[in-house]
Structures are given as C-alpha cells and as structure tokens.
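[1] next input, structure requested:
(one chain, ligands or ions: 1)
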Amino acid sequence: MSYPFLKGHGTENDFVVLPDADGTVHGDLSAERVRALCDRRSGIGGDGVLRAVREGDGWFMDYRNADGSVSEMCGNGIRVFARYLHEREGEAFPMRITTRAGVKVLDRAGDELTADMGRPEVLGETEVSVMGRTWPALHVSMGNPHAVAYVDNLAEAGPLLEPPEHDDAVFPEGVNVEFVVRRGERHVAMRVHERGSGETRSCGTGACAVAVATALADDAPRGTSYRVDVPGGTLHVVWTEDDRVLMTGPAVLVAEGVTDL
Ligand SMILES: N[C@H](CCC[C@H](N)C(=O)O)C(=O)O
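    Residues are numbered from 1 along each chain as shown. Predicted structure coming up:
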C-alpha cells in the first residue's frame, strides 16, 4: 500500500514525515517499518520518523528514532514538524504541538523557528566512556536523557561508531551523549551520539542540554543566549528567567513523495 511522505531537516538532523491525520494510514507504526524508512541505502533515509496524528483540534508528534525506538522528544524534529504543519496543513504560528514530553509551542523567528522546549531537569554528575577513556558528564533531561561531557578537542571522542559507555543505573533507557568544546564567550560546539540513531549532524534537545550545562558552568544569568555549533549548522538556545529553554534554528522541507515501504 503506497502512502505519502515528506523529507525534512533541521541543521542536517533529518527526518521522514508521515502524514497520518486520523491515524489510520499506519496504525501501530512498527519498529520494522521505521527502520526501513530510515535506511539510507534501501529506504528514504533519516535519523528518525515524525508521524503527524491529529489530537483533538491540534496535532501529536509521534517521534521514532532510526532504530525504531520511541523517544519522548525531538528538538530539531519538532521544528521540521511545525514547518510541515504550517506549509501542508495550514496551521498558523504560534502553534502548540503535543509530544510524549508534553505540549511545546513553536513560533516564527525570521526564516527560522523557535521552539519553547519547556523546563530542563539537571539531574547530577555522571560519566561517559569511549574506547577506554572516561569523561565526567552532567545528566540533563529535556524530556529525553542527555549526558553532556566537555572535551578539549571534539576529535578526542573518536569515531563514535558505538554508543558511549554510560551508567545503566542512571540511564536505564539509554542516553544521548554530547561532547562539547568551548569556542568563545557564550559559544560552544558539539558532537552527539544519539540514542537510537548513532552519531548525527545535530541534536536539538542535545543543544538545549549543552546550553543548560554551559550556563551552569559559567554561572551565567538566566536569559543568556548561547550559540551552539553542530556539524550540520548552528542553533541558538536561551534558558529563560522563568526556567524554560527556547531553541531557535532552521527547518527545511526538501522533498515529498509516496512510498510502499
Ligand atoms: N535520539 C533522541 C531523540 C531525538 C533527539 C534529536 N534528534 C533532537 O533533535 O532532539 C532520543 O532517543 O532521546
């Protein structure tokens, strides 16, 4: 059975968008179908799937990682999702989108979009290891789990072909791991190994976790804006005085078609 899809990305974190307003196209979207859609050789290719299901008078973003696993939230994905809703479903900005991590508000920011990512949870010190080397890390949740580790050089984290080792007691459902270097005043750069997708060109919730961790390390006043460079571009993140994280970045729809994957 053929069905429509779109392809989009935010700072080269790329996604397959599946319109499914009444939830009848895909039923219970299987992990196997998600893996087939995300396969970069035999499928459409993507770091994840964004399924669009109507919920009341709004929309639910059903996010899945490339391995078929479910995640609570996807920061780059929700911008792409909002771009789809605006351009194809006629939704106006600002818009509220329901996710497994609660309702998020998306609005225009010039040619980009700003997502109110809600409250961060800073959950303490932990550590991550890659190829026998260990770094201290800060556990930050943006609805999904992150471990933020500062390095002297992004290359020292190695090829990141495997998930960095972490404390399973702290992260029983796995973890997204960000490696961060300082680039200047309120300016950092990161690499990320994403839970369920591997190393990606960007991670929106990861950029938020990195900005929160860096603001704490800097003892920066709330409302300070951080520039977060990712391999796929740049995101801007503010941790507000009323304890919300606002992330601004691009969201581009690049293709649409039909598939029977
Ligand atoms: N892999 C993440 C979800 C996608 C996060 C990332 N693509 C983003 O933009 O936030 C997890 O399992 O929590």
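
[2] which one is residue 104 nearest to, not counting chain neighbours?
    residue 97 (5.3 Å; CB to CB, 6 or more residues apart in numbering). Every residue, glycine included, has its C-beta placed from N, CA and C.

[3] dump the residue contacts of the one you found.
    Counting by CB atoms under 8 Å, 6 or more residues apart in numbering, residue 97 makes contact with 58, 59, 60, 61, 78, 81, 82, 85, 103, 104, 105, 106.

[4] where along the stretch 101-250 of the chain do the strands fall?
    Listed in chain order, the strands of the stretch 101-250 of the chain (DSSP state E, counting those that start in this stretch) span 102-109, 112-116, 121-130, 133-141, 145-150, 176-184, 187-194, 198-200, 225-230, 233-239, 245-249.

[5] quick one: strands adjacent to the fourth one?
    In its sheet, strand 133-141 lies beside strand 121-130 (antiparallel), strand 145-150 (antiparallel), with partners assigned from DSSP bridges.

[6] can you list the domain ranges for the protein.
    Listed domain ranges for the chain are 3-118+250-259, 121-243 (source: automatic domain parsing).

[7] distance to the ligand and mean pLDDT added to those domains, as TSV?
    Converted to TSV, the domains of the chain look like this (distance: least, CB to the nearest ligand atom, whole Å; pLDDT from 0 to 100):
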stretch	distance to the ligand	mean pLDDT
domain 3-118+250-259	3	97
domain 121-243	3	97
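
[8] number of residues surrounding residue 155?
    11 (other CB atoms under 10 Å).

[9] let me have the strands of the stretch 101-250 of the chain in CSV, adding mean neighbour count and distance to residue 206 as columns.
    Output for those, formatted as CSV (neighbours: other CB atoms under 10 Å; distance: least, CB to CB, whole Å):
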stretch, mean neighbour count, distance to residue 206
strand 102-109, 17, 16
strand 112-116, 21, 13
strand 121-130, 15, 13
strand 133-141, 19, 9
strand 145-150, 26, 6
strand 176-184, 22, 5
strand 187-194, 23, 5
strand 198-200, 20, 9
strand 225-230, 22, 8
strand 233-239, 22, 9
strand 245-249, 24, 10
